[in-house]
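In: Give me coordinates for this.
(chains A, B, C and D)
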Amino acid sequence: MRTVEAIAAIPMHHGLVLAAILFALGMIGILARRNLVFILMSIEIMLNAAGLAFVVAGARWEQADGQVMLIFILAVAAAEVSVGLALLLLLYRRFQTLDADAVSKMRG
Amino acid sequence: MEITFYLSAAIAIAATLMVITVSNATHALLYLIVSLLAVAIVFFVLGAPFAAALEIIIYAGAIMVLFVFVMMMLNLGKAAAAREQGWLNPGIWTGPGVLAALLLAELAYIFAQGGDTPWGTAAVTAKEVGIALFGPYLLGVELASLLLLAGLVGACHLGWNQAGIETGHEEERGHENG
Amino acid sequence: MLSLLWLIPTLPLAGFLVLALGGKYLGHRSIAVIGTSSTALSALIAILIGMDFIAAPPPGFVFRQEAWSWIAVAGFSPGIGFYLDALSLVMVLVVTLISFLIHLYSTEFMSGDEDYARFFAYMNLFVGSMCILILADNLLFLYLGWEGVGLCSYLLIGFWYRDPANGRAARKAFIVTRIGDTAMAIGLFLLFTHLGTLDIQPLMQCAGQQWPEGEGLAILTAALLLAGAAGKSAQLPLQTWLPDAMAGPTPVSALMHAATMVTAGVYLIARTHVLFTLAPVVQHAVAVIGALTLLLAGFSALVQTDIKRVLAYSTISQIGYMFLALGVGAWSAAIFHLVTHAFFKALLFLSAGVVIMSLHEEHNIFRMGALRKKLPIVFWTFLIGSASLAALPLVTAGFYSKDLILWRAWSSAGGNPWLWAAGWGGAILTGLYIFRVVFLVFFGEARTAMPPGTARPGLRITLPLIVLAAFSLVGGWIETPPFLGNLTLFSSFVQHALPPAQAVHGEKNDETILELLAIAASLGGIALAYLLFLRYPAFLQGMMLIPAFARIREFWQSGWGFDRFYEFLFVRPYLWLAHADRRDVIDNIYKMALSCMLRWLQKVDPHDVINTIYNGLAGLCLFLHRALSATQSGQVRRYAAAIATGSIGILFIGIFA
Amino acid sequence: MILSALIFILVAGGMLAWMANRWYPGSAKWVALATVGIELVLTIWLWLQFASAMALPAHGGWFAETRAEWIPRFGVSFHLAMDETSLILVMLTAFLGMVSVACSWTEIQERAGFFYFNLLWTLAGAIGVFLALDLFLFFFFWELMLVPMYFLIAIWGHENRRYASIKFFIFAEGSGLFMLVAILALVFVHYRSTGVLTFDYFELLNTAMSPSTGLWIMLGFFIAFAVKTPIVPLHVWLPDAHTEAPTAGSVILAGVLLKTGAYGLLRFVVPLFPDAALQFAPVAIALGATGVLYGAFLAFAQTDLKRLVAYTSVSHLGFVVLGIFAWNPWSLGGAVMQMIAHGISTGALFVIAGILQDRTHTRDMRRFEGLWSVMPRLAAMGLFFAIATLGLPGMGNFVGEFLILMGLYRVNSVLASVAAVAFVASVVYALALVQKTFHGENKHDWQLPDLSGREMATLYSMAAITLWLGLYPQPVLDAAPDIASRPPAIAVADREGNAE
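Out: Here you go, the predicted structure:
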């Protein structure tokens, strides 16, 4: 049924390790950077890493589900970015800074 | 083919590392695009051409363009980059680094437990993805569309408020303080 | 004719309903017509039924009629039913007749009152309840009438509601009688629980069959019923309400607190006489209570200054005679005295009412005098009533009935010389106190000028007086002692319902001697009154200067200190507790529990371990609070770090555990 | 079907009243009146219907039943059924609903739509409680009637309404929690022993359990119902709630809500846990007798008219508790009678208090006095119901109290005699009420209009019912649970008590 293409026989681990590394880097970015733009970018990285993991798994089992999940993640990322960036603009207008630590009105 | 995978993986990791370390936001954005393109290549190598295309079109294209627009609107100059540099003292990396190391260690342990698994040999085409998407995942698609709509409305709403920034914000502040 | 029995209580009740609901829209004339005609009709029916009953007695001298089944639960089935026998016939005749006369009297007596309709409504309600009490087929229905008359007594004592003193007297009357009623209710529980019915006749049979004489339960029941009777009939120790009950309008005092309602206790004991014969101890107690009451009340009557209070104590004393008769087993003698007493005491009250009205609400006998000329009819009727009360020999009804009681007190199985002596002493007292009133009010010199222009009592007042006076004179001739013809019309009629008394102690000629002694007592009392209050009044005034006598007088006047004693023993503590607990102590307990606990902790030594623990707990809470609130820094990155740490930790646990 | 209709008519009527008042202000009371009118007609029709059905012996005590699956997974069903006891209480509810609408006719001006909504929903909850035979459903209705009642007190109450409503709510919810726990425990015990998960009354009726388990679960139910009944010392919410509630609220509280507690004791506590109830009966009877005397005693101490009436409720409901735990035909007949008679007579006293408050703006009896000469009709009615309250024969309360004490005498003669002292105490407070309010001189120069036609119709009908109950109580007495069809455990106690 399907057009079989010769593809590279890479162990699944390697793909997953890549995803893990990207994910960890994204996490470091979120935790270490104070600039909200960087934080948003790091979130994108982490989402992307998650999508990568899905695609790797999908490729391993030769199923379409992995890619479907990636599409959903893309949708989530798009929605998140649009709202996140709007908020970011709002914050910048109000506080004249992108420093996440400066916005701490919720301090108990 | 394998070499392509490892090469693009290395590029992706390197570019991502740059994203989280550079102080200029625009540069970081460009590195991020690089990283995403590298991941797109990885997808292609893994036999997911449709995913690769989407990665480029939507991620590297659409979403990143959003970031670019925002950068333009913020109009950050050198001063911002300098302040960014000031925030990036070495001490800040230790905590996240330790956490990330722990996470990686744990994941590595899980992979080691799993043992070797052979790779799939067939590519999954766009057609199959489409069938899956509008077959069993129809509900998910609808939900995703709803989510996007919500994101759209939310962004619109937040953006609309900007019209009354000068007066409206003062009012809002008054509310909060009072 | 007998089948009209149900109309006797129903007619007055219907009158009550009409007057209560429509009294506002009726004129004085129609109110008087409705109020009086309802009782007149029921009296008429009672007379017709009585004639029918005597002419053609129903089988067993008993007639029953059940309107409907009142309650029917698992064998407990008292009905709304009427029971007519010789006893209830006599009672119902007396009650309806006197009620009618007093209603007639009231139409004129109360004519100036703004609440004319209310008065007649209450009076009609009373007559209806009283007839129910008498005619009830079972004890529960009797209890309905019993409480009904108590209610009417309350309503009518407090009829002039504007004066709080009247309200107090009314409540006192209701509450004190209700104490007795409660005992009676418990008696009913006991009767039903152990005998399984409350219908009077089956109950009496059952009791006679199931309980031997002296059975504990019988004694208990009889004692409880006695408490009820003592409350209603104002006997020791529940007699205190009756003198105060004189706060009501005089016709009320005449009808309820002299002639009918207060004798309900006597009727109850006579009705349930089987129980009392089964409990000789209690029966003896009845006699002793009667004897004590008649003496105490006689002494109190001797020193009262309010004419109505004299008559009230006199009523207590006379009912004491009836109890004495019941206690010695002379059932018919008690009922006989009840009947004659109803006539002459109603007469006395009604006459006193005219006197009081003529002097514009003057109650004090020491401020009256020489009314003989001004109110001739009243003088004669009052004199007849007094003579009958004092048992003036031969010509008065009171003589025959009291005489019979004294003889039975001596001769019956339950009688003894002590009881007789008490009754004999009481007879002297009776003559003394009532003729004291006669001499002070109608003889001597006028102490209060009768206001000019006072209308003479009209026909509607004098007619009842004359009728009652006639009854007070001739009413005794239906039952005469052996040496005076030995007529036994009354007792032989009542025998159909009550067992005859047996003479066991006395000889025939004893009776004659005792009769003569009794005559001497009543004449002696009257003579003494003449000497002390008309001939040599200075003697008594001189006596009263001696402090000891003055104090005794005061003591008697206050009714032997019972009121003060009860006030001290029951009323004050109840009021005090009620006041103290107004805000509900249980509610306060809940409210104060927390603060009390804290106060207690404060009181405890600060070095106390428990306290330290509490302090430590408080400190720990404070520390935790500070630590936790510090984590809420408002910095998003820290939250993210916390999330990351947590997730990694959970993953760690997931892998290695 | 008709049973669900009884509930849904009220629910729908409540919503209609609320909405109608938005479109046409002032129309809510008409809608409410029509709703309770239909309800009353329906119950009377049912009564006539079943009075004829009574002749057939085979109905097993239950006239009508409605059963539908609700949450089959947990064995919860929408199960309503009606026997004579339910019917008579539903009739009482419908009648008092009528009374409470009539007495709020002019009193409630603010937010009338929401008021009648709450009123009707409270009634719906109460009727649901009287009809539900599924414990889950029962609990649902139990809670349903509390919330609108809370609003009635909290929004339309008097000066101290906030305190009173919160106190009411805390007590009611706290007790509801006890009941919920007890219901769940019972269901799980039943599940464990039979493997069937059900909340159905009939299925749970003969659950086997160890005596101590039974006692604990029964105590949970008992506490819940004891708060609502109320039994001393859990009565403290009642005087505040009754005093502060608007007139209609007081009438419903006293007339209907308290009866749900007594009904719970009658329907659930004793039949579900016959052994435990038998074991516990002496305690309950002692508490009941305490309540009878304590309520009467405290009623006398009050100066606030509504508070006085509230404490008389404590006293009267104490009698009901005595009647239920004495558990013999006489005492049960008396208990049902007392519930009905108390609903009518106390309801009427609250109506009178409401009328007085409406006209004088005070409830302090020290500020009344001598009202007889000002408003003779109201005073006469006040006298009438005060007398009914003190238990004069010929009125409903007497039949109830007498039968209860007579039944109790068999079981425990000493406590019956002690409780009988309340006959005297009730005279003391009832006469104090009459004396302080109506008798005496009109010192405060009140000039007040006497009863209007509407108020007269309300009070006269209640007076007529009180007399009817007193003189021909048989229909109500027949409504008492038939002891032959119930677990006989307490009947055994009855026999033992008889033997001593």
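
In: contacts and neighbour counts: CA atoms only from here.
Out: Fine.

In: Wait, C:Ile356 touches C:Arg367, no?
Out: No - counting by Cα atoms under 8 Å, C:Ile356 does not reach C:Arg367; the two are 11.1 Å apart.

In: Just give the number of residues close to B:Pro136.
Out: 11 (other Cα atoms under 10 Å in any protein chain shown).

In: I'd like to know how far it sits from chain C.
Out: Note on B:Pro136: its distance to chain C, by Cα to the nearest Cα, to the nearest Å, is 31 Å.

In: likewise B:Ala38?
Out: For B:Ala38 relative to chain C (Cα to the nearest Cα), the value is 26 Å.

In: Tell me who's in contact with the closest residue to chain C within chain B.
Out: Ranking the residues of chain B by distance to chain C (Cα to the nearest Cα) places B:Leu103 first, at 6.2 Å. If you count contacts by Cα atoms under 8 Å, 6 or more residues apart in numbering or on different chains, B:Leu103 has them with A:24, C:648.

In: tell me the pLDDT at it?
Out: According to the prediction, B:Leu103 has pLDDT 89.

In: Which strand or helix spans it?
Out: Here B:Leu103 sits within helix B:91-114, counting by DSSP states H and E.

In: quick one: is the helix or strand following that helix near chain A?
Out: Remark: after helix B:91-114, the chain's next helix or strand is helix B:126-133, criterion DSSP H and E. Yes - on the criterion Cα under 8 Å from any Cα of the partner chain, helix B:126-133 is in touch with chain A at B:128-129, B:132-133.

In: Next one, pLDDT for residue 25 please.
Out: Picked chain A for this. pLDDT, read off for A:Leu25, is 93.

In: My question was about chain B, not that one.
Out: In this prediction B:Ala25 is given a pLDDT of 86.

In: Pretty sure it sits against A:Val37.
Out: Yes - under the criterion of Cα under 8 Å, B:Ala25 makes contact with A:Val37 at 7.3 Å.

In: for the chain, which helix is longest?
Out: Chain wasn't specified; assuming chain A. When chain A is parsed with DSSP state H, its longest helix is helix A:65-95.

In: I was after chain C.
Out: Every helix in chain C considered (DSSP H), the longest is helix C:164-195.

In: by contact count, what packs against that helix?
Out: For helix C:164-195, the packing partners by 3 or more Cα pairs under 8 Å, 6 or more residues apart in numbering or on different chains; DSSP states H and E come out as helix C:139-157, helix C:200-210, helix C:216-232, helix C:241-244, helix D:396-411, helix D:413-420, helix D:422-437.

In: quick one: which of these is nearest chain A?
Out: With Cα to the nearest Cα, the closest approach to chain A among those belongs to helix D:422-437: 57.8 Å.

In: now the angle from that closest one to helix C:139-157?
Out: With axes from the mean of the first three to the mean of the last three Cα atoms, to 10 degrees as the basis, helix D:422-437 and helix C:139-157 are set at 20 degrees to each other.

In: in the longest helix of chain A, what's buried?
Out: Across helix A:65-95, burial judged by 16 or more other Cα atoms under 10 Å in any protein chain shown covers A:65-91, A:93.

In: quick check: angle from that helix to helix B:126-133?
Out: Going by the same axes, to 10 degrees, helix A:65-95 is angled at 80 degrees with respect to helix B:126-133.

In: near chain B, anything from helix A:65-95?
Out: Yes - Helix A:65-95 reaches chain B (Cα under 8 Å from any Cα) through A:65, A:67-68, A:70-72, A:74-76, A:78-83, A:85-87, A:89-90, A:92-94.

In: Save the residues of helix B:126-133 next to chain A as a markdown table, and put in pLDDT and neighbour count too.
Out: Formatted as a markdown table, the residues of helix B:126-133 next to chain A follow (pLDDT from 0 to 100; neighbours: other Cα atoms under 10 Å in any protein chain shown):
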| residue | pLDDT | neighbour count |
| --- | --- | --- |
| B:Glu128 | 86 | 16 |
| B:Val129 | 87 | 21 |
| B:Ala132 | 88 | 17 |
| B:Leu133 | 87 | 21 |
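
In: Which one of these is nearest to chain A?
Out: B:Val129 (5.0 Å).

In: Pull the contacting residues for the closest residue to that closest one other than its chain neighbours.
Out: Nearest non-adjacent residue to B:Val129, counting by Cα to Cα, 6 or more residues apart in numbering or on different chains: A:Ala64, 5.0 Å away. If you count contacts by Cα under 8 Å, 6+ apart, A:Ala64 has them with A:58, B:124-125, B:128-129, B:132.

In: Need the pLDDT of the nearest residue to C:Asn138 once chain neighbours are set aside.
Out: In space, and not counting its chain neighbours, C:Asn138 is closest to C:Asp199: 4.0 Å by Cα to Cα, 6+ apart. Looking at C:Asp199, its pLDDT stands at 86.

In: Run the chain-centre distance for stretch D:465-484.
Out: Distance, stretch centre to chain centre, for stretch D:465-484: 16 Å (Cα atoms, centre = their mean, to the nearest Å).

In: now stretch D:302-315
Out: 16 Å.

In: What's the local residue count around residue 11?
Out: I'll assume chain A. 15.

In: Chain D, not that one
Out: Residues within reach of D:Val11, counting by other Cα under 10 Å, total 21.

In: what about it, distance to chain B?
Out: 37 Å.

In: Give me the residues contacting the helix or strand containing that residue.
Out: Following DSSP H and E, the helix or strand that holds D:Val11 is helix D:2-23. For helix D:2-23, contacts defined as Cα under 8 Å, 6+ apart pick out D:27-29, D:31-32, D:35-36, D:39, D:42, D:64-66, D:80-82, D:112-114, D:116-121, D:123-125, D:127-128, D:131.

In: likewise stretch C:110-119?
Out: C:19-20, C:23-24, C:28, C:31, C:156, C:159.

In: Restrict the residues you listed to the buried ones and give me that as a PyMOL selection.
Out: In PyMOL syntax, the buried subset of the contacts of stretch C:110-119 is picked out as below (16+ other Cα under 10 Å):
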select buried, chain C and resi 19+20+23+28+31+156+159
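
In: if you look at the contacts of stretch C:110-119, which of them are in helices?
Out: Going by DSSP H, the helices hold C:19-20, C:28, C:31, C:156 from those.

In: Report the two of the residues you listed separated the most.
Out: C:His28 and C:Leu156 (18.8 Å; Cα to Cα).

In: ok, and for the host helix or strand of D:Phe168, which residues are buried?
Out: Using DSSP H and E, the element containing D:Phe168 is helix D:161-194. Neighbour-count burial for helix D:161-194, counted by 16+ other Cα under 10 Å, picks out D:161-162, D:164-169, D:171-173, D:175-180, D:182-183, D:185-191.
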